[in-house]
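Undergrad: This is a predicted model, with the sequence first.
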Amino acid sequence: MSNNADLPNITGFLTIKEAAQILALAERTVYEYVETGRLPAVRAADILLIPQEEVANFRRGNTGRPRKNTPPWRISSGKNVQHMVLIHVQIRSGKEDTFFQRLDLIRQENRHTFPGTVIRSIASNTAHPEQITIILIWRGTVMPHKEDINVALEALKKDLMDELDWDTAQYTENTVLMHT
């Protein structure tokens, strides 16, 4: 295959790699969508090109099997109680794009997985997108030592030091009373 740097810029079309970055998908997944007809593409020599408009309008759809029943509420007992850490922090002014690029790199490299977590999420506030909430939840039976959690948090903070203003961070530790 040709090096993408050798490709001329063809207005209105994206390479598989560019489409994958925009859609936050693996390149292989984009190839599969093209092969199955979910994303139309044209071949230019040995390169597949996808119309930019198709990428912009693409919707992944539901993954997995649709739920037939809503799961019931549960109350954990004994040592299996869930523990939650919430961190509220601001994106530094002008660093929004870099922050999202850094998140994508963290995802691609599968870093900062916080061993033992049953949920780990990074969310933006709908009304104030510059406000980020990091959510980490462990079951009591697999909760690591506090020192191990602190080491993992420090590594995340170091990785996002330029993008997030850690001086604004507010931390809360919670015990989950009821969950699904």
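TA: That came through fine. Numbering: from 1, shown residues only.

Undergrad: Give me the helix or strand of the protein that scores worst on average pLDDT.
TA: Taking mean pLDDT, DSSP states H and E as the measure, the helix or strand of the chain with the lowest value is strand 42-44, at a mean of 87.

Undergrad: Mind listing the strands it pairs with, and their directions?
TA: strand 47-51 (antiparallel) (DSSP bridges).

Undergrad: Pull the CA coordinates from the strand it pairs with and hand them back as CSV.
TA: Backbone C-alpha positions of strand 47-51 (Å, rounded to 0.1, in the frame of the first residue of the first chain) are rendered in CSV as follows:
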residue,chain,number,x,y,z
ILE,A,47,-6.4,3.0,-1.5
LEU,A,48,-10.0,3.0,-0.2
LEU,A,49,-11.5,6.4,0.1
ILE,A,50,-14.7,7.2,1.9
PRO,A,51,-16.9,10.2,1.1
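
Undergrad: average model confidence for it?
TA: For strand 47-51, the mean pLDDT works out to 90.

Undergrad: Quick test: name the residue nearest the centre of the chain.
TA: Nearest to the mean C-alpha position of the chain, by CA atoms, centre = their mean, lies residue 107 at 5.9 Å.
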